[in-house]
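Visitor: Using only what follows, build the 3D model:
(chains A, B, C and D)
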There are 2 protein chains.
Amino acid sequence: MAEHYTDTQMLEMMAKHGWRITDQRRTLAQLFAESDAYLSPKDVYEYMKTKYPGVSFDTVYRNLRIMSEMGVLEQFYFLDGGLKFRGGCLTRHHHHVICTGCEKTLSLDYCPMEQSIELPDDFQVMNHRFEIYGLCRDCQSDSDAAREQSEG
Amino acid sequence: MAEHYTDTQMLEMMAKHGWRITDQRRTLAQLFAESDAYLSPKDVYEYMKTKYPGVSFDTVYRNLRIMSEMGVLEQFYFLDGGLKFRGGCLTRHHHHVICTGCEKTLSLDYCPMEQSIELPDDFQVMNHRFEIYGLCRDCQSDSDAAREQSEG
DNA sequence: TTAGATGCAAAGTCTTTGCAATTTG
DNA sequence: CAAATTGCAAAGACTTTGCATCTAA
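Guide: Residues are numbered from 1 along each chain as shown, chains lettered A, B, ... in the order given. Got it, this is the predicted structure:
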(Lines give C-alpha, C1' and ligand atoms only; values in the text may rest on other atoms or scores of the structure.)
Protein backbone atom coordinates (compact mmCIF):
# COMPACT_ATOMS: atom_id res chain seq x y z
CA MET A 1 0.00 0.00 0.00
CA ALA A 2 1.65 3.15 -1.29
CA GLU A 3 0.37 5.61 1.24
CA HIS A 4 2.79 8.49 0.84
CA TYR A 5 4.75 10.00 -1.98
CA THR A 6 8.20 8.49 -2.26
CA ASP A 7 11.08 10.88 -2.73
CA THR A 8 11.29 9.83 -6.36
CA GLN A 9 7.64 10.60 -6.89
CA MET A 10 8.11 13.99 -5.25
CA LEU A 11 11.01 14.81 -7.54
CA GLU A 12 9.05 13.66 -10.58
CA MET A 13 6.22 15.96 -9.58
CA MET A 14 8.64 18.87 -9.27
CA ALA A 15 10.11 18.16 -12.69
CA LYS A 16 6.63 17.86 -14.18
CA HIS A 17 5.78 21.26 -12.78
CA GLY A 18 8.89 22.77 -14.29
CA TRP A 19 10.88 23.11 -11.10
CA ARG A 20 14.54 22.24 -11.12
CA ILE A 21 15.89 19.35 -9.10
CA THR A 22 18.52 20.76 -6.82
CA ASP A 23 20.44 19.00 -4.09
CA GLN A 24 18.42 20.75 -1.42
CA ARG A 25 15.15 19.68 -2.98
CA ARG A 26 16.41 16.13 -3.27
CA THR A 27 17.21 16.17 0.44
CA LEU A 28 13.84 17.65 1.35
CA ALA A 29 12.09 14.97 -0.65
CA GLN A 30 14.06 12.26 1.15
CA LEU A 31 13.36 13.81 4.54
CA PHE A 32 9.61 13.91 4.05
CA ALA A 33 9.39 10.60 2.25
CA GLU A 34 11.06 8.90 5.19
CA SER A 35 9.23 10.60 8.03
CA ASP A 36 5.66 10.29 9.23
CA ALA A 37 5.97 13.27 11.52
CA TYR A 38 4.86 16.82 11.10
CA LEU A 39 7.83 19.15 10.91
CA SER A 40 7.84 22.87 11.46
CA PRO A 41 9.75 25.12 9.05
CA LYS A 42 12.28 25.53 11.82
CA ASP A 43 12.64 21.77 12.26
CA VAL A 44 13.29 21.45 8.56
CA TYR A 45 15.73 24.33 8.59
CA GLU A 46 17.67 22.78 11.48
CA TYR A 47 17.85 19.51 9.61
CA MET A 48 18.95 21.16 6.38
CA LYS A 49 21.66 23.08 8.20
CA THR A 50 23.29 19.82 9.21
CA LYS A 51 23.67 18.92 5.52
CA TYR A 52 24.08 22.39 3.99
CA PRO A 53 25.70 24.62 6.60
CA GLY A 54 25.11 27.79 4.61
CA VAL A 55 21.44 27.16 3.85
CA SER A 56 19.09 30.05 4.43
CA PHE A 57 15.72 30.01 6.11
CA ASP A 58 13.95 31.66 3.23
CA THR A 59 15.09 29.02 0.78
CA VAL A 60 13.72 26.31 3.02
CA TYR A 61 10.46 28.24 3.22
CA ARG A 62 10.26 28.72 -0.50
CA ASN A 63 10.78 25.05 -1.12
CA LEU A 64 8.28 23.96 1.50
CA ARG A 65 5.76 26.28 -0.07
CA ILE A 66 6.20 25.09 -3.65
CA MET A 67 6.11 21.48 -2.50
CA SER A 68 2.87 22.16 -0.66
CA GLU A 69 1.37 23.88 -3.66
CA MET A 70 2.04 20.80 -5.75
CA GLY A 71 0.54 18.58 -3.09
CA VAL A 72 3.63 16.50 -2.42
CA LEU A 73 3.65 17.99 1.05
CA GLU A 74 0.69 18.68 3.29
CA GLN A 75 0.62 21.98 5.11
CA PHE A 76 -1.16 21.98 8.38
CA TYR A 77 -1.89 24.38 11.22
CA PHE A 78 -1.94 22.64 14.57
CA LEU A 79 -4.41 23.38 17.34
CA ASP A 80 -2.02 25.99 18.67
CA GLY A 81 -1.75 27.68 15.28
CA GLY A 82 1.75 26.42 14.58
CA LEU A 83 2.52 25.64 10.96
CA LYS A 84 3.81 22.18 10.10
CA PHE A 85 4.49 20.09 7.04
CA ARG A 86 4.53 16.42 6.29
CA GLY A 87 4.70 14.21 3.24
CA GLY A 88 1.52 14.26 1.20
CA CYS A 89 -0.81 11.30 1.17
CA LEU A 90 -1.64 9.44 -2.00
CA THR A 91 -4.47 7.35 -0.67
CA ARG A 92 -8.12 8.26 -0.75
CA HIS A 93 -9.67 10.79 1.61
CA HIS A 94 -8.87 10.11 5.23
CA HIS A 95 -8.07 11.75 8.54
CA HIS A 96 -5.23 11.64 11.01
CA VAL A 97 -4.50 10.56 14.53
CA ILE A 98 -1.70 12.76 15.73
CA CYS A 99 0.60 12.10 18.65
CA THR A 100 1.34 15.39 20.37
CA GLY A 101 4.44 13.84 21.89
CA CYS A 102 6.38 12.88 18.79
CA GLU A 103 3.97 14.38 16.23
CA LYS A 104 3.94 11.21 14.23
CA THR A 105 0.64 10.60 12.55
CA LEU A 106 -1.49 7.63 11.68
CA SER A 107 -4.18 7.52 9.07
CA LEU A 108 -7.78 6.90 9.90
CA ASP A 109 -10.12 5.62 7.24
CA TYR A 110 -13.11 6.74 9.22
CA CYS A 111 -14.60 10.01 8.02
CA PRO A 112 -17.31 11.72 10.03
CA MET A 113 -18.82 13.24 6.90
CA GLU A 114 -19.91 9.80 5.78
CA GLN A 115 -22.40 9.77 8.61
CA SER A 116 -25.70 11.51 8.14
CA ILE A 117 -25.11 14.73 10.00
CA GLU A 118 -27.97 17.13 10.42
CA LEU A 119 -26.77 20.36 8.87
CA PRO A 120 -28.44 23.76 8.78
CA ASP A 121 -30.87 24.19 5.89
CA ASP A 122 -29.18 24.73 2.57
CA PHE A 123 -25.70 24.77 4.04
CA GLN A 124 -23.24 24.04 1.27
CA VAL A 125 -20.33 22.00 2.63
CA MET A 126 -16.98 22.93 1.09
CA ASN A 127 -14.48 21.43 3.46
CA HIS A 128 -14.10 19.76 6.78
CA ARG A 129 -11.51 19.02 9.35
CA PHE A 130 -11.25 16.12 11.74
CA GLU A 131 -8.23 15.20 13.80
CA ILE A 132 -7.63 13.21 16.93
CA TYR A 133 -4.82 14.31 19.22
CA GLY A 134 -3.24 12.29 21.97
CA LEU A 135 -0.27 10.20 22.99
CA CYS A 136 0.98 7.11 21.23
CA ARG A 137 2.17 4.17 23.27
CA ASP A 138 5.83 5.23 23.19
CA CYS A 139 5.11 8.79 24.28
CA GLN A 140 2.87 7.56 27.10
CA SER A 141 5.72 5.53 28.55
CA ASP A 142 8.02 8.51 28.15
CA SER A 143 5.71 10.73 30.18
CA ASP A 144 5.17 7.95 32.75
CA ALA A 145 8.92 7.67 33.16
CA ALA A 146 9.27 11.43 33.47
CA ARG A 147 6.53 11.58 36.07
CA GLU A 148 8.02 8.77 38.12
CA GLN A 149 11.40 10.44 38.03
CA SER A 150 10.09 13.84 39.15
CA GLU A 151 7.94 12.28 41.85
CA GLY A 152 10.95 10.33 43.09
CA MET B 1 -31.56 27.49 25.67
CA ALA B 2 -28.66 29.51 26.98
CA GLU B 3 -26.02 28.55 24.48
CA HIS B 4 -23.48 31.34 24.90
CA TYR B 5 -22.28 33.47 27.72
CA THR B 6 -24.24 36.69 28.02
CA ASP B 7 -22.26 39.87 28.52
CA THR B 8 -23.32 39.92 32.17
CA GLN B 9 -22.04 36.39 32.66
CA MET B 10 -18.77 37.34 31.03
CA LEU B 11 -18.36 40.31 33.34
CA GLU B 12 -19.21 38.18 36.37
CA MET B 13 -16.55 35.72 35.34
CA MET B 14 -13.99 38.51 35.04
CA ALA B 15 -14.90 39.84 38.47
CA LYS B 16 -14.72 36.36 39.96
CA HIS B 17 -11.23 35.97 38.55
CA GLY B 18 -10.15 39.26 40.09
CA TRP B 19 -10.11 41.29 36.89
CA ARG B 20 -11.51 44.79 36.91
CA ILE B 21 -14.56 45.74 34.92
CA THR B 22 -13.50 48.55 32.66
CA ASP B 23 -15.51 50.24 29.93
CA GLN B 24 -13.50 48.50 27.27
CA ARG B 25 -14.11 45.10 28.80
CA ARG B 26 -17.79 45.84 29.10
CA THR B 27 -17.86 46.67 25.40
CA LEU B 28 -15.92 43.55 24.47
CA ALA B 29 -18.36 41.44 26.46
CA GLN B 30 -21.30 43.02 24.64
CA LEU B 31 -19.66 42.57 21.27
CA PHE B 32 -19.04 38.87 21.74
CA ALA B 33 -22.32 38.18 23.52
CA GLU B 34 -24.22 39.59 20.58
CA SER B 35 -22.28 38.03 17.74
CA ASP B 36 -22.08 34.47 16.52
CA ALA B 37 -19.17 35.20 14.25
CA TYR B 38 -15.49 34.59 14.67
CA LEU B 39 -13.59 37.86 14.88
CA SER B 40 -9.91 38.38 14.34
CA PRO B 41 -7.94 40.56 16.76
CA LYS B 42 -7.87 43.15 14.01
CA ASP B 43 -11.65 42.99 13.56
CA VAL B 44 -12.07 43.58 17.27
CA TYR B 45 -9.54 46.40 17.25
CA GLU B 46 -11.35 48.11 14.36
CA TYR B 47 -14.61 47.84 16.23
CA MET B 48 -13.13 49.13 19.48
CA LYS B 49 -11.59 52.08 17.69
CA THR B 50 -15.03 53.28 16.67
CA LYS B 51 -15.97 53.50 20.35
CA TYR B 52 -12.61 54.35 21.87
CA PRO B 53 -10.61 56.30 19.30
CA GLY B 54 -7.39 56.13 21.31
CA VAL B 55 -7.53 52.40 22.04
CA SER B 56 -4.34 50.48 21.48
CA PHE B 57 -3.92 47.16 19.77
CA ASP B 58 -2.04 45.61 22.63
CA THR B 59 -4.82 46.35 25.10
CA VAL B 60 -7.31 44.64 22.83
CA TYR B 61 -4.96 41.69 22.60
CA ARG B 62 -4.45 41.53 26.32
CA ASN B 63 -8.16 41.51 26.95
CA LEU B 64 -8.88 38.92 24.31
CA ARG B 65 -6.25 36.74 25.87
CA ILE B 66 -7.50 36.98 29.44
CA MET B 67 -11.07 36.40 28.29
CA SER B 68 -9.94 33.30 26.43
CA GLU B 69 -8.03 32.02 29.42
CA MET B 70 -11.18 32.25 31.51
CA GLY B 71 -13.17 30.48 28.84
CA VAL B 72 -15.66 33.26 28.18
CA LEU B 73 -14.17 33.51 24.71
CA GLU B 74 -13.07 30.67 22.47
CA GLN B 75 -9.80 31.06 20.64
CA PHE B 76 -9.56 29.31 17.36
CA TYR B 77 -7.11 28.91 14.51
CA PHE B 78 -8.82 28.65 11.17
CA LEU B 79 -7.75 26.32 8.39
CA ASP B 80 -5.48 29.06 7.07
CA GLY B 81 -3.84 29.52 10.48
CA GLY B 82 -5.56 32.83 11.18
CA LEU B 83 -6.44 33.48 14.81
CA LYS B 84 -10.05 34.29 15.66
CA PHE B 85 -12.21 34.64 18.73
CA ARG B 86 -15.84 34.19 19.48
CA GLY B 87 -18.07 34.02 22.53
CA GLY B 88 -17.58 30.88 24.56
CA CYS B 89 -20.19 28.15 24.57
CA LEU B 90 -21.92 27.10 27.74
CA THR B 91 -23.59 24.01 26.41
CA ARG B 92 -22.17 20.53 26.48
CA HIS B 93 -19.47 19.34 24.15
CA HIS B 94 -20.27 20.04 20.52
CA HIS B 95 -18.75 21.05 17.20
CA HIS B 96 -19.25 23.85 14.73
CA VAL B 97 -20.43 24.42 11.22
CA ILE B 98 -18.62 27.51 10.02
CA CYS B 99 -19.62 29.69 7.12
CA THR B 100 -16.48 30.87 5.39
CA GLY B 101 -18.45 33.73 3.87
CA CYS B 102 -19.64 35.54 6.98
CA GLU B 103 -17.82 33.35 9.54
CA LYS B 104 -20.96 32.87 11.53
CA THR B 105 -21.10 29.52 13.22
CA LEU B 106 -23.76 27.01 14.06
CA SER B 107 -23.48 24.32 16.68
CA LEU B 108 -23.60 20.67 15.86
CA ASP B 109 -24.54 18.18 18.51
CA TYR B 110 -23.03 15.36 16.54
CA CYS B 111 -19.58 14.34 17.74
CA PRO B 112 -17.52 11.89 15.71
CA MET B 113 -15.80 10.61 18.84
CA GLU B 114 -19.06 9.05 19.97
CA GLN B 115 -18.73 6.58 17.14
CA SER B 116 -16.56 3.56 17.62
CA ILE B 117 -13.46 4.57 15.76
CA GLU B 118 -10.68 2.09 15.35
CA LEU B 119 -7.65 3.73 16.91
CA PRO B 120 -4.05 2.54 16.98
CA ASP B 121 -3.26 0.22 19.87
CA ASP B 122 -2.97 1.98 23.20
CA PHE B 123 -3.42 5.42 21.72
CA GLN B 124 -4.51 7.75 24.50
CA VAL B 125 -6.91 10.36 23.13
CA MET B 126 -6.45 13.79 24.65
CA ASN B 127 -8.29 16.05 22.29
CA HIS B 128 -9.99 16.19 18.95
CA ARG B 129 -11.07 18.67 16.37
CA PHE B 130 -13.98 18.52 13.99
CA GLU B 131 -15.33 21.37 11.93
CA ILE B 132 -17.38 21.68 8.80
CA TYR B 133 -16.68 24.62 6.53
CA GLY B 134 -18.90 25.92 3.78
CA LEU B 135 -21.39 28.58 2.78
CA CYS B 136 -24.63 29.38 4.54
CA ARG B 137 -27.72 30.15 2.50
CA ASP B 138 -27.16 33.91 2.60
CA CYS B 139 -23.55 33.69 1.49
CA GLN B 140 -24.46 31.31 -1.31
CA SER B 141 -26.89 33.85 -2.75
CA ASP B 142 -24.24 36.55 -2.36
CA SER B 143 -21.76 34.57 -4.38
CA ASP B 144 -24.45 33.64 -6.93
CA ALA B 145 -25.24 37.32 -7.32
CA ALA B 146 -21.58 38.22 -7.67
CA ARG B 147 -21.08 35.51 -10.25
CA GLU B 148 -24.09 36.57 -12.30
CA GLN B 149 -22.90 40.15 -12.21
CA SER B 150 -19.39 39.31 -13.39
CA GLU B 151 -20.70 36.92 -16.05
CA GLY B 152 -23.58 39.24 -17.00
C1' DT C 1 -5.07 54.21 48.44
C1' DT C 2 -3.24 50.77 45.51
C1' DA C 3 -3.23 46.96 42.57
C1' DG C 4 -4.56 46.54 38.17
C1' DA C 5 -5.49 48.64 33.35
C1' DT C 6 -4.20 51.46 29.63
C1' DG C 7 -1.45 53.62 25.72
C1' DC C 8 2.85 54.14 23.82
C1' DA C 9 6.95 52.54 21.99
C1' DA C 10 9.83 49.08 21.13
C1' DA C 11 11.11 44.38 20.68
C1' DG C 12 10.13 39.49 19.20
C1' DT C 13 8.60 35.92 16.22
C1' DC C 14 7.44 34.13 12.03
C1' DT C 15 7.12 34.78 7.10
C1' DT C 16 7.90 37.13 2.70
C1' DT C 17 10.34 39.95 -0.85
C1' DG C 18 14.13 42.14 -3.78
C1' DC C 19 18.37 41.41 -5.64
C1' DA C 20 23.01 39.95 -7.02
C1' DA C 21 25.60 35.74 -7.39
C1' DT C 22 25.36 30.97 -8.48
C1' DT C 23 23.70 26.70 -10.50
C1' DT C 24 20.63 23.66 -13.22
C1' DG C 25 18.87 21.90 -17.51
C1' DC D 1 23.64 29.96 -22.22
C1' DA D 2 19.23 31.41 -20.21
C1' DA D 3 16.36 30.93 -16.66
C1' DA D 4 15.67 29.22 -12.21
C1' DT D 5 17.64 28.86 -7.53
C1' DT D 6 20.17 30.39 -3.75
C1' DG D 7 21.83 33.35 0.26
C1' DC D 8 21.72 37.69 2.10
C1' DA D 9 19.50 41.52 3.89
C1' DA D 10 15.71 43.89 4.76
C1' DA D 11 10.85 44.50 5.08
C1' DG D 12 6.13 42.90 6.63
C1' DA D 13 2.59 41.01 9.40
C1' DC D 14 1.26 39.72 13.69
C1' DT D 15 1.97 39.39 18.65
C1' DT D 16 4.18 40.42 23.05
C1' DT D 17 6.68 43.19 26.66
C1' DG D 18 8.32 47.20 29.62
C1' DC D 19 7.04 51.19 31.59
C1' DA D 20 4.92 55.54 33.00
C1' DT D 21 0.32 57.22 33.62
C1' DC D 22 -4.27 56.59 34.80
C1' DT D 23 -8.35 54.34 37.09
C1' DA D 24 -11.55 50.91 39.32
C1' DA D 25 -12.52 49.01 43.65
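
Visitor: other SSEs contacting the longest strand belonging to chain A?
Guide: Longest strand in chain A, counting residues (DSSP state E): strand A:124-135. Packing partners of strand A:124-135 (3 or more C-beta pairs under 8 Å, 6 or more residues apart in numbering or on different chains; DSSP states H and E): strand A:95-99, strand B:124-135. Every C-beta, even on glycine, is put in place using the N, C-alpha and C of the backbone.

Visitor: Which secondary structure state is assigned to A:Val55?
Guide: Three-state assignment for A:Val55 (DSSP: H, G, I helix; E, B strand; the rest coil): coil.

Visitor: quick one: it from A:Leu28, how far?
Guide: Remark: distance between A:Val55 and A:Leu28 (C-beta to C-beta, to the nearest Å) = 11 Å.

Visitor: quick one: buried residues of stretch A:63-81?
Guide: If you call a residue buried by 16 or more other C-beta atoms under 10 Å in any protein chain shown, then stretch A:63-81 has these buried ones: A:Asn63, A:Leu64, A:Met67, A:Met70, A:Val72, A:Leu73, A:Glu74, A:Gln75, A:Phe76, A:Tyr77, A:Phe78.

Visitor: For those residues, could you give me JSON lines that also reports pLDDT and secondary structure?
Guide: Shown next, in JSON lines, are those (pLDDT from 0 to 100; DSSP: H, G, I helix; E, B strand; the rest coil):
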{"residue": "A:Asn63", "pLDDT": "97", "secondary structure": "helix"}
{"residue": "A:Leu64", "pLDDT": "97", "secondary structure": "helix"}
{"residue": "A:Met67", "pLDDT": "96", "secondary structure": "helix"}
{"residue": "A:Met70", "pLDDT": "92", "secondary structure": "helix"}
{"residue": "A:Val72", "pLDDT": "94", "secondary structure": "coil"}
{"residue": "A:Leu73", "pLDDT": "95", "secondary structure": "strand"}
{"residue": "A:Glu74", "pLDDT": "92", "secondary structure": "strand"}
{"residue": "A:Gln75", "pLDDT": "92", "secondary structure": "strand"}
{"residue": "A:Phe76", "pLDDT": "90", "secondary structure": "strand"}
{"residue": "A:Tyr77", "pLDDT": "91", "secondary structure": "strand"}
{"residue": "A:Phe78", "pLDDT": "87", "secondary structure": "coil"}
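
Visitor: Go back to those residues and keep what's next to chain B.
Guide: Under the cut-off given by C-beta under 8 Å from any C-beta of the partner chain, chain B has A:Tyr77, A:Phe78 from the buried residues of stretch A:63-81 close to it.

Visitor: B:Glu131: which of the buried residues of stretch A:63-81 is nearest?
Guide: A:Tyr77 (12.2 Å; C-beta to C-beta).

Visitor: show me the residues around the closest one that make contact.
Guide: A:Tyr77 is in contact with A:Leu83, A:Lys84, B:Tyr77, B:Phe78, B:Leu79, B:Asp80, B:Gly81, counting by C-beta atoms under 8 Å, 6 or more residues apart in numbering or on different chains.

Visitor: picking that back up, DNA strand C: which of the helices and strands packed on strand A:124-135 is closest?
Guide: DNA strand C sits nearest to strand A:95-99 of all the helices and strands packed on strand A:124-135, at 17.7 Å, using C-beta to the nearest atom of the strand.

Visitor: Okay, domains of chain A per the record?
Guide: Under automatic domain parsing, the residue ranges defining each domain of chain A are A:1-91, A:92-152.

Visitor: Would you single out the least confident of the ones you listed?
Guide: The stretch with the lowest mean pLDDT among the domains of chain A is domain A:92-152, at a mean of 84.
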